[in-house]
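Trainee: sequence-free structure coming up:
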Ligand SMILES: C[S@@+](CC[C@H](N)C(=O)[O-])C[C@H]1O[C@@H](n2cnc3c(N)ncnc32)[C@H](O)[C@@H]1O
């Protein structure tokens, strides 16, 4: 494994061992049955493949597809036994041109990916194409407002951050982001599934709450999210003193470090839209 990115592998192994409550609940809501064939598009290093495999056993198969060869190598390593016995398959491919015949799967799932996609109306019909009539297309993602983290900080400061996030999205992040990001994809999901021609479109939300005691890893991941992922998107849209306040809130050792507050928690919502392929 020496040539694989170790931090990604460790992160995926951790998610596999301790899956987020919102993902577990969302996958449970799909009412999968033994023997089904599920496609996980943009599976990354495979944090959800085991959850699907458990739900379609015995006789079922989950196929993980990703564009990243390194990520698939990690998934293959973490799921070596399931890959060997055929219950997990891994496939390199692009979601806009899925390398599968029509109607190959009972369910096609995609999580935390559509917000990076230029034109969802290229990707979603492909998902529908590879699902059998009567089968399910399921897309899970966040939304910059609907999923904005709830934690015990002053509402006024949260308002400043939300406003910056909205401005950043509106002004295309000042053209400085190295990746596509539609922060408001969550609210668009049902409409997009209807436009794809799916029926019985429905929307559910699932919360994930991280509260004390936080593992050192969870605490570090949470701080990285605020300062690196979210921070990269909003920094240029915050006044310097607001950026400093955000930085102090998530820098260990700072007197304003939020995760050390007694009773600290962070809750976030994700949205799952599902639709059936016409029979
Ligand atoms: C943010 S990760 C999400 C991983 C996983 N689905 C999850 O929910 O944790 C997005 C994944 O989509 C993959 N990806 C990006 N563009 C893709 C494309 N055009 N086709 C297939 N996979 C893609 C990336 O390589 C990455 O593994």
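Mentor: The structure has been received and is ready for your questions. All figures in this text were calculated on a predicted structure; none of them were measured in a lab.
Trainee: Around residue 279, how many other residues sit close by?
Mentor: 8 (other C-beta atoms under 10 Å). In this view, the C-beta of every residue, glycine as well, is placed from N, C-alpha and C.
Trainee: what's the closest non-adjacent residue to it?
Mentor: residue 133 (4.3 Å; C-beta to C-beta, 6 or more residues apart in numbering).
Trainee: ditto for residue 74
Mentor: Using C-beta to C-beta, 6+ apart, the closest residue to residue 74 is residue 45 (3.9 Å).
Trainee: again with residue 23
Mentor: Leaving out its chain neighbours, the residue that sits closest to residue 23 by C-beta to C-beta, 6+ apart is residue 48, at 6.2 Å.
Trainee: and the one you found, backbone torsions?
Mentor: Main-chain dihedrals, residue 48, degrees, to the nearest 10: phi -110, psi 0.
Trainee: And residue 244, by the same measure?
Mentor: Dihedral angles (degrees, to the nearest 10) for residue 244: phi -60, psi -40.
Trainee: when you give positions from now on, start the count at 5
Mentor: All set: I'll call the first residue 5, so the last point we hit is now residue 248.
Trainee: The stretch 55-204 of the chain against the ligand: which residues are in contact?
Mentor: 70-72, 75, 98-99, 115-117 (C-beta under 6 Å from any ligand atom).
Trainee: of those, buried ones?
Mentor: 70, 75, 99, 115-117 (16 or more other C-beta atoms under 10 Å).
Trainee: In CSV: those, plus distance to residue 228.
Mentor: As requested, those are exported to CSV (distance: C-beta to C-beta, whole Å):
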residue, distance to residue 228
70, 22
75, 19
99, 26
115, 20
116, 16
117, 20
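Trainee: From those residues, which land in helices?
Mentor: Of the positions in those, residue 75 sit in helices, assigned by DSSP state H.
Trainee: quick one, strands of the stretch 55-204 of the chain?
Mentor: For the stretch 55-204 of the chain, the strands defined by DSSP state E, counting those that start in this stretch occupy 65-70, 92-96, 109-115, 135-145, 203-215.
Trainee: how about those in JSON lines, adding mean pLDDT?
Mentor: Listed next are the strands of the stretch 55-204 of the chain as JSON lines, based on pLDDT from 0 to 100:
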{"stretch": "strand 65-70", "mean pLDDT": "98"}
{"stretch": "strand 92-96", "mean pLDDT": "98"}
{"stretch": "strand 109-115", "mean pLDDT": "98"}
{"stretch": "strand 135-145", "mean pLDDT": "98"}
{"stretch": "strand 203-215", "mean pLDDT": "97"}
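Trainee: picking up where we left off before, check the spacing between the residue nearest to residue 27 and residue 68 real quick.
Mentor: Distance, residue 52 to residue 68, using C-beta to C-beta, to the nearest Å: 8 Å.
Trainee: My read is that residue 121 contacts residue 99, right?
Mentor: Yes - look at residue 121 against residue 99 with C-beta atoms under 8 Å: they come within range, at 7.4 Å.
Trainee: Now for those two: what residues contact both?
Mentor: Here residue 121 and residue 99 share the contacting residues residue 127, scored by C-beta atoms under 8 Å, 6 or more residues apart in numbering.
Trainee: quick one on the thing from earlier: show me the residues around the residue nearest to residue 27 that make contact.
Mentor: Per C-beta under 8 Å, 6+ apart, neighbours of residue 52: 23, 27, 31, 44, 113, 115.
Trainee: repeat for residue 119
Mentor: 145-146, 184-187, 189.
Trainee: and with 7 Å instead?
Mentor: Shown in contact with residue 119 (C-beta atoms under 7 Å, 6 or more residues apart in numbering): 145-146, 185-187, 189.
Trainee: Quick one: buried ones out of the residues you listed?
Mentor: 145-146, 185-187, 189.
Trainee: Let me know the closest of those to the ligand.
Mentor: residue 145 (8.9 Å; C-beta to the nearest ligand atom).
Trainee: returning to what we had before: touching both of residue 52 and residue 68, which residues are there?
Mentor: Joint contacts of residue 52 and residue 68 (C-beta under 7 Å, 6+ apart) are residue 44.
Trainee: If I look at the residue nearest to residue 27, what pLDDT would I see?
Mentor: As predicted, residue 52 sits at a pLDDT of 96.
Trainee: now residue 19
Mentor: 89.
Trainee: Surely it and residue 51 touch.
Mentor: Yes - between residue 19 and residue 51 a contact is recorded at 3.7 Å, counting by C-beta atoms under 7 Å.
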